[in-house]
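Asks: Predicted model and sequence follow; I will ask about them next.
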2 protein chains.
Amino acid sequence: MEFGDHKTIFLQIRDWLVDQILTGKLVPGDRIPSVRELAADIEVNRNTVMRSYSLMEQEGIIDNRRGIGFFVSEQARQRLATDEKAQFIEEELPKIIHQAKVLRLTLADFQPLIQQLHENENQQ
Amino acid sequence: MEFGDHKTIFLQIRDWLVDQILTGKLVPGDRIPSVRELAADIEVNRNTVMRSYSLMEQEGIIDNRRGIGFFVSEQARQRLATDEKAQFIEEELPKIIHQAKVLRLTLADFQPLIQQLHENENQQ
DNA sequence: TTTAGTGTCATAATACACTATGACACTATC
DNA sequence: GATAGTGTCATAGTGTATTATGACACTAAA
C-alpha cells in the first residue's frame, strides 16, 4: 500500500479496505488485520489505523468483537456499492465533466474508460 | 469561490485561477488580483495567497513585476493545456477507470460525460 | 490461572497548513 | 518628496494529522 500526499492517511487506509471489499478480496465475516498488525505492516501509528477503523465502524462496514478484532459486516458490500456509487456520480463525475470541458478532452482520450464500461455491461 | 476540506487551500486557489485561464476568463497579459486584494475577497490570509502565487510563478503560468503585481504569462494557456491534460490522463483517468470497475458503473452512468465529449469534438 | 493477542484511552511531541501582524523595498502617481 | 499600492520576509500563534508510548479491559488458548 502506498500513500499519496494529497489525502490524509487514515482516509487512504479506509479507501484501501473499501476497495478490497468492493473487489471481493474481503467478504462479509472476514477478519481484517488487527490495529497493531496493520500499523506495523504499513509502518504507521496504531492510533492512525484506529482512526480508520473507528470511521469504518461508524459507517457500518466493519463490526468489532471485543478482545478479538474487526470483521467485515454483512451489509458492507451492498452498502458500499450503493453509497460509493452515489457519491461518485454526485461529486466526482461533475468534476470530471468540468475537467473534460476546460481541457477539451476527446472521446479518444477516454477510450480506456469506455472500454472498461463496455466490459462492465457484458459482465452483468 | 468555495473551499473544500479535501484539498489544501493554497492549491484550491491555484486550481481556481488555472480554471480561469483555461476557460479564457483570464488571458495572457491580464493582471490577476493583488495578494492583499484576493486575500480580502476570499477571506484568507495574505501568506496563503502568496503561497499560491509563488507556486504558479514557479510553474511559469504567471509573472511578477516588482511593485506592480502578477500577470498571466504568455505561455500560460498553452503550457496548462498541455500539462494539465497530460496529468489528467496519466494520473486521474486510471483512478476513474478503477472506480468504474469496482463500482460496476455503466455507460448510462457516464452519459453526461460522453455528451460533453461529443460537444468538445464538434467544437474543434 | 497465566499468557498473548485483541481494542481502547490518555498523554506528550512533531510536522505542517493556516492565521495574524509588522516591517521593508519597489513602483506609479500626485 | 509624499502617498498609496505592489510583493516579500519574519515572527508568533492556532488547529489538526500523525507519531510515540504507556496503561487498561477484554477474549481465547495453553
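Replies: That came in fine, so what should we check first?
Asks: by contact count, what packs against the helix or strand encompassing residue A:82?
Replies: Under the criterion of DSSP states H and E, residue A:82 resides in helix A:76-87. Helix A:76-87 sits against helix A:9-22, with contacts defined as 3 or more Cβ pairs under 8 Å, 6 or more residues apart in numbering or on different chains; DSSP states H and E. (Each C-beta comes from the backbone N, C-alpha and C, glycine too.)
Asks: Contacts only, for the closest residue to residue A:103 other than its chain neighbours.
Replies: Computed as Cβ to Cβ, 6 or more residues apart in numbering or on different chains, the closest residue to residue A:103 that is not its neighbour in sequence is residue B:85, at 4.8 Å. Neighbouring residues of residue B:85 by Cβ atoms under 8 Å, 6 or more residues apart in numbering or on different chains: A:103, A:105, A:109.
Asks: Just the helices from chain A, written as ranges.
Replies: Per DSSP state H, chain A carries helices over the ranges A:9-22, A:35-41, A:46-58, A:76-87, A:93-102, A:111-123.
Asks: mind giving me a markdown table with those helices and columns for distance to DNA strand C?
Replies: Shown next, in a markdown table, are the helices of chain A (distance: least, Cβ to the nearest atom of the strand, whole Å):
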| stretch | distance to DNA strand C |
| --- | --- |
| helix A:9-22 | 12 |
| helix A:35-41 | 4 |
| helix A:46-58 | 5 |
| helix A:76-87 | 16 |
| helix A:93-102 | 19 |
| helix A:111-123 | 31 |
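Asks: and these, which is most packed in?
Replies: Of all these, helix A:9-22 carries the top mean neighbour count, a mean of 19, counting by mean count of other Cβ atoms under 10 Å in any protein chain shown.
Asks: What is that one packed up against?
Replies: Secondary-structure packing of helix A:9-22 (3+ Cβ pairs under 8 Å, 6+ apart): helix A:46-58, helix A:76-87.
Asks: Can you check the pLDDT for residue A:5?
Replies: Looking at residue A:5, its pLDDT reads 74.
Asks: how much space is there between it and residue B:8?
Replies: 10 Å (Cβ to Cβ, to the nearest Å).
Asks: domain parsing for chain A?
Replies: Chain A breaks down by automatic domain parsing into domains covering A:9-75, A:77-123.
Asks: With respect to DNA strand D, which of these lies nearest?
Replies: domain A:9-75 (2.4 Å; Cβ to the nearest atom of the strand).
Asks: how far is that closest one from where the chain is centred?
Replies: On the basis of Cα atoms, centre = their mean, to the nearest Å, domain A:9-75 sits 11 Å off its chain's mean C-alpha point.
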